[in-house]
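Q: Need coordinates for the following:
(2 chains)
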Amino acid sequence: MWFGKAFFMAKELKDLTKKEDNYSQWYNDLVVKAGLAEYSAVRGCMVIKPYGYAIWEKMQRALDDMFKETGHVNAYFPLLIPKSFFSREAKHVEGFAKECAVVTHYRLKNDGQGGIEVDPDARLEEELVIRPTSETIIWNTYKGWIQSYRDLPILVNQWANVMRWEMRTRLFLRTAEFLWQEGHTAHETREEAIEETYRMVNVYRKFAEEWLAVPVIVGHKSENERFAGAEDTLAIEALMQDGKALQAGTSHFLGQNFAQAFDVQFAGRDGKLDYVWATSWGVSTRLIGALIMAHSDDNGLVLPPKLAPQQVVMIPIYKGEEELAQVTARLEALAAELRGRGVNVKIDARDNVRSGFKFAEYELRGVPVRLAMGPRDLAAGTVELARRDTLSKETVPQEGLADRVVALLDEIQANIYAKALSFRDEMTTRVDSWDEFVRVLDEKGGFLLAHWDGTPETEEAIKDATKATIRCIPLDSPEEDGVCVYSGKPSKRRVVFARAY
RNA sequence: CGGGAUGUAGCGCAGUCCGGUUAGCGCGCCACGUUCGGGACGUGGAGGCCGAAGGUUCGAAUCCUUUCAUCCCGACCA
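A: Here you go, the predicted model:
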């Protein structure tokens, strides 16, 4: 996989903003300069460039495999949803109404002044909403698919784009249009649906940890943060390097809300009619943002080997064409061996930039392993091996290089996970008083484990006072008697607070 | 939608307060040469209605009015 000239277009990539100076600026710079994405002509919309999209494709492939292992299949539903569908589930419409783009006309015409205008005669009888999520159109469809318990379960996923008219956008983290997958399942029983909700949040946890190398906390969302129309929302929460939390994936137990709204009933084993039980779950291109903010440093991206579009880059060091040919021939042989082991290798023999420039460029792009070979190595049978995660270099024998690199890629994957995990542990603080809560939040950030009285009012008050929200009520948090840091009322367990993206 | 800022070459900027030849600089781009083990250098070259529209003036990137766009900080959110 290689991207031709576009890959190299931006050479003014040096001088990334420093992470500590302005994290937002650094992030934005990095996304643009590493060639992942940029803003487009349309307000709030993002162009995902080939390098960024290649990461997304790798994510898609891995997730798809995991979905198939859990019995799911892909399908596709329309982009446009009749407005009336949208209003059938009261909480759902309330949650999304404020950010919907709406199609009102189906034709343009000449305005007589050389321009073009919306043809007022072509007004749609019923406006169409560009999907912000697909529960409604899907449940309208499922109605026709389900008559009996024998039709269940339905385990369908779709890869799609959705649109939410956000006030303020950030590349990958919040754009008006974004790519995601959304699973929508239909079940015979409450228990089965709940089990599915847990199963899928665990798929996401596994994906985050094993592929993104990002540790996450799995837990329930509080009532305030729950998906509009869900009875329960499970989420994975990740911690970014600036101490803010990022919701990286959600899995919703929808109860019978959508089945009732769209009148989807089935004849049960006992012959009685009942409404279908539902779940939905999704992750988006936001995961790329998570990847960037979890691992990168001031030299650029640090991509986990499993998701890096290029895992190894080889750079010849030479004077003159003859040396280039010799070094390249040797690199080709090594590359072939690595490719045979399933490693994605690129040899960068560009003659118009120097090797030092290439080193910097591949660091910016987060390529996990770099191999450089010059005449000295050629003579000695060695190669210089550099790893992106630690920025360390060593000269190693060409003999056995493939084994070494394959093992190293695994080691890098494990190492960046370990690094992110220890960062998160450091940044997770148990707090027992309001003073401590406020102080830790301001001075340190990160996850705060605190007691909460369980009321939405208290959560709201804490949010107003500090901008921190309950990220989740962790599944594995032990029961423990305490008092709410805000209200002083009794509490049975700690929840995770943080400021969030 | 509130508060703040910015629009000058592909990118980053200076010039604007205090109007005055042909609008500059760095990077990038093109050509040739020298280079090449951590972001090379020399010489030559191309590239601009100074965001847009009005106005003031002998004269506007610069002053005034309007407008559009973008970014940052809030509210909203995967």
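
Q: what's the pLDDT at A:T17?
A: A:T17 is assigned a pLDDT of 69 by the prediction.

Q: Over to the one 4 residues further on?
A: Confidence per residue is given as pLDDT, and for A:D21 that number is 68.

Q: What segments of the stretch 251-400 of chain A are helices?
A: Applying DSSP state H, counting those that start in this stretch to the stretch 251-400 of chain A gives helices spanning A:257-261, A:286-295, A:320-340, A:355-364, A:375-380.

Q: Please identify the most buried of those.
A: By mean neighbour count, with neighbours taken as mean count of other Cβ atoms under 10 Å, helix A:286-295 ranks first of the helices of the stretch 251-400 of chain A at a mean of 25. In this view, the C-beta of every residue, glycine as well, is placed from N, C-alpha and C.

Q: same for that one, what does it pack against?
A: Using 3 or more Cβ pairs under 8 Å, 6 or more residues apart in numbering; DSSP states H and E, the elements in contact with helix A:286-295 are helix A:23-33, helix A:50-69, strand A:232-239, strand A:245-255, helix A:401-426.

Q: Determine the set of other helices and strands touching the last one.
A: On a contact count with 3+ Cβ pairs under 8 Å, 6+ apart, helix A:401-426 meets helix A:286-295, helix A:320-340, strand A:369-373, strand A:382-387.

Q: Of these, give the one that comes closest to A:R494.
A: The minimum distance between A:R494 and the helices and strands packed on helix A:401-426 falls on helix A:286-295, with 23.4 Å, by Cβ to Cβ.

Q: quick one: contacts for the most centrally placed residue in chain A?
A: Nearest to the geometric centre of chain A sits A:L287, at 1.2 Å (Cα atoms, centre = their mean). When contacts are counted by Cβ atoms under 8 Å, 6 or more residues apart in numbering, A:L287 touches A:59, A:208, A:212, A:248-249.

Q: Then A:Y76?
A: Taking Cβ under 8 Å, 6+ apart as the test, what A:Y76 contacts is A:158-160.

Q: what's the distance between the nearest residue to A:G445 once chain neighbours are set aside and RNA strand B?
A: Of all residues not flanking A:G445 in the chain, A:G243 sits nearest, at 2.5 Å (Cβ to Cβ, 6 or more residues apart in numbering). Taken as Cβ to the nearest atom of the strand, to the nearest Å, the spacing of A:G243 relative to RNA strand B amounts to 13 Å.

Q: and if you look at A:P474?
A: Remark: distance between A:P474 and RNA strand B (Cβ to the nearest atom of the strand) = 17 Å.

Q: what do you get for A:D297?
A: Computed as Cβ to the nearest atom of the strand, the A:D297 to RNA strand B distance reads 12 Å.

Q: Ramachandran coordinates for the closest residue to that residue other than its chain neighbours?
A: Among residues not flanking A:D297 along the chain, A:K19 sits closest, at 7.1 Å (Cβ to Cβ, 6+ apart). Reported as degrees, to the nearest 10, the phi and psi values for A:K19 are phi -60, psi -40.

Q: ok, A:K19 touching A:M293?
A: No. Contact criterion Cβ atoms under 8 Å: A:K19 and A:M293 do not qualify, at 9.9 Å.

Q: Could you name every residue contacting both of those two?
A: A:Q241.

Q: Enumerate every residue touching A:Q398.
A: For A:Q398, the set of contacting residues under the criterion of Cβ under 8 Å, 6+ apart consists of A:330, A:334, A:377, A:381-383.

Q: do you know how far it is from RNA strand B?
A: 12 Å.

Q: that older thread, reformat the helices of the stretch 251-400 of chain A as a markdown table; add distance to A:K83 and mean pLDDT.
A: Conversion of the helices of the stretch 251-400 of chain A to a markdown table gives the following (distance: least, Cβ to Cβ, whole Å; pLDDT from 0 to 100):
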| stretch | distance to A:K83 | mean pLDDT |
| --- | --- | --- |
| helix A:257-261 | 14 | 96 |
| helix A:286-295 | 27 | 93 |
| helix A:320-340 | 52 | 94 |
| helix A:355-364 | 45 | 92 |
| helix A:375-380 | 66 | 95 |
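
Q: want to throw those into JSON lines with distance to RNA strand B?
A: As requested, the helices of the stretch 251-400 of chain A are arranged in JSON lines below (distance: least, Cβ to the nearest atom of the strand, whole Å):
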{"stretch": "helix A:257-261", "distance to RNA strand B": "16"}
{"stretch": "helix A:286-295", "distance to RNA strand B": "4"}
{"stretch": "helix A:320-340", "distance to RNA strand B": "6"}
{"stretch": "helix A:355-364", "distance to RNA strand B": "3"}
{"stretch": "helix A:375-380", "distance to RNA strand B": "3"}
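
Q: Ok, which of those helices comes nearest A:I236?
A: A:I236 lies closest to helix A:286-295 among the helices of the stretch 251-400 of chain A, at 9.6 Å (Cβ to Cβ).

Q: what's the angle from the closest one to helix A:23-33?
A: Going by axes from the mean of the first three to the mean of the last three Cα atoms, to 10 degrees, helix A:286-295 is angled at 120 degrees with respect to helix A:23-33.

Q: Now do helix A:286-295 and helix A:401-426, the angle between them.
A: Here helix A:286-295 runs at an angle of 80 degrees relative to helix A:401-426 (the same axes, to 10 degrees).

Q: Buried ones among the contacts of A:Y76?
A: Neighbour-count burial (16 or more other Cβ atoms under 10 Å) is assigned, among the contacts of A:Y76, to A:158, A:160.

Q: Quick check: strands, which of the contacts of A:Y76 are part of them?
A: Those of the contacts of A:Y76 mapping onto strands are A:158-160, per DSSP state E.

Q: Return the member of those nearest to A:S392.
A: For A:S392, the closest of these turns out to be A:W159, at 38.4 Å, with distances computed as Cβ to Cβ.

Q: Could you say whether the residue nearest to that closest one when sequence neighbours are not counted sits in a helix, a strand or coil?
A: Distance criterion Cβ to Cβ, 6+ apart; nearest residue to A:W159, sequence neighbours excluded, is A:Q181 at 5.1 Å. In terms of secondary structure, A:Q181 is strand; the call rests on DSSP: H, G, I helix; E, B strand; the rest coil.
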